[in-house]
Structure formats: C-alpha cells, structure tokens
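Turn this into a model:
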Amino acid sequence: MALDDIMERKVSVLINLRGYRLLARKVGKRGIYLTVKDRSGRKITIYAVPSGGTVGADYVEQLKRRMKSDNSEYGIMITNGNYTDRAKTEAQKSGIELIPSNFPTFNIFEHVLVPKHEILTPEEREEVLKKYRVKPYQIPHIKASDPIVRVIGAKPGDILRIIRKSPTAGEYISYRYVVED
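Predicted coordinates:
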C-alpha cells in the first residue's frame, strides 16, 4: 500500500516540523506505520491512513497494537478523512494524537508572517513563571485547536515562546498558555 502525494507531504511536514528522526517504515494492510524518535529520545509510532472516508475505532485499536509491538510511548494517527466520535474517545483514552484532515502539506513557518513558536521545557517554564511572577493561567491563552499548536504538537498546559521580528526591538518575545477549546 502506498500513500498518495498529499499524505506523503503531510507525514513529511509532521516529521520535519516536530524534529522527529525516522527509525522504520512498515506497510500494513490499511496504512503505513512509521516509527520515529523525538528530540528527547521518546519512541513514537505514526499511523498514516490513506483513507478519504471515515476512520473508526478499529484503526485506533490497530495503532495501539502496533505501539505495543514497537514499544512506543506515544501514538499519532494522520489521515485525509474524518474520525468517528468513538475513534476520538478511544484515542483520547489511550493518549493517541489524531491529526486532522486539514493539517498543512507545507512548512507553515516558511511564511513571512508566521513567527517562530517553541514549546518551553519544564525548566524554561518555571524560569518564565518565576521571572514574571505569574501563574500559567495568567499568561495570554492560545487554543489547542490553533493550527500552529497542532503543527508543533503542543498540548493543553504547555507554554509557548513566540519570537517575532521587530524593526525597532530586533526580536520581540511573547508567551502563550495552551488551553482546551
């Protein structure tokens, strides 16, 4: 089974923007499994489903089995179709990230108007909160459904550093707290 050009680009963008390192690529009956490592060394299984239709809970179960056999700590499913409500529920219970069909097929950060976004490490997070003497909820919010948040893989509770270019200040840094929709 091969992925179409659009799915290949989505998978490539996902791997590149999140800084994953590809370890293995296996062809399954209904999709492609990719095993990657993130910057911290965590093993992740990505399941690319080339369906234009609806993806159900049976696909989530397949990914869970593959994660177990790969000894992965985390799972990601990406498709051009939609997810059923049951698939969303099962994925949430299992800690599997579902990438929506509107995930970009290009590097969004190459656009001149999109500033650099970074997820703060726990140490950086504590340093920022201490420096500004605030609680996380007091930082301006950004929704978990924001396209940039999805692209970089931020979760509710994370704090993002946004670095903008400024003609007067050189660089302007701001922070956003990721919240549920």
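
so what's residue 60 up against?
Residue 60 makes contact with 77, 87, 90-91, 94, 96, according to Cβ atoms under 8 Å, 6 or more residues apart in numbering. Backbone N, C-alpha and C define where each C-beta goes, glycine included.

if I look at it, how far off is residue 67?
Distance, residue 60 to residue 67, using Cβ to Cβ, to the nearest Å: 10 Å.

For the most centrally placed residue in the chain, which residues are in contact?
Residue closest to the average C-alpha location in the chain (Cα atoms, centre = their mean): residue 153, at 2.9 Å. By Cβ under 8 Å, 6+ apart, the residues touching residue 153 are 18, 97, 119.

Counting by contacts, list what the helix or strand where residue 91 lies packs against.
Take DSSP states H and E as the rule and residue 91 turns out to sit in helix 85-94. The criterion is 3 or more Cβ pairs under 8 Å, 6 or more residues apart in numbering; DSSP states H and E, and the helices and strands that helix 85-94 contacts are helix 57-70, strand 96-99.

Could you single out the most deeply buried of these?
strand 96-99 (a mean of 19; mean count of other Cβ atoms under 10 Å).

Neighbouring strands - and their directions - for it?
With DSSP bridges as the test, strand 96-99 is paired with strand 74-79 (parallel).

And the contacts of the strand it pairs with?
Contacts for strand 74-79 (Cβ under 8 Å, 6+ apart): 7, 10-11, 14, 42-51, 55, 59-60, 63-64, 66-67, 91, 94-99, 101, 103.

just stretch 162-170 next, same as before
115-118, 171-176.

Could you identify the most distant pair in those residues?
Of all pairs drawn from the contacts of stretch 162-170, the greatest distance, 16.3 Å, lies between 171 and 176 (Cβ to Cβ).

Format the helices and strands packed on helix 85-94 as TSV; extra columns: mean pLDDT and distance to residue 136.
Shown next, in TSV, are those (pLDDT from 0 to 100; distance: least, Cβ to Cβ, whole Å):
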stretch	mean pLDDT	distance to residue 136
helix 57-70	92	30
strand 96-99	92	21
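
Indicate which one of these is closest to residue 34.
Closest to residue 34 of the helices and strands packed on helix 85-94 is helix 57-70 (Cβ to Cβ; 10.0 Å).
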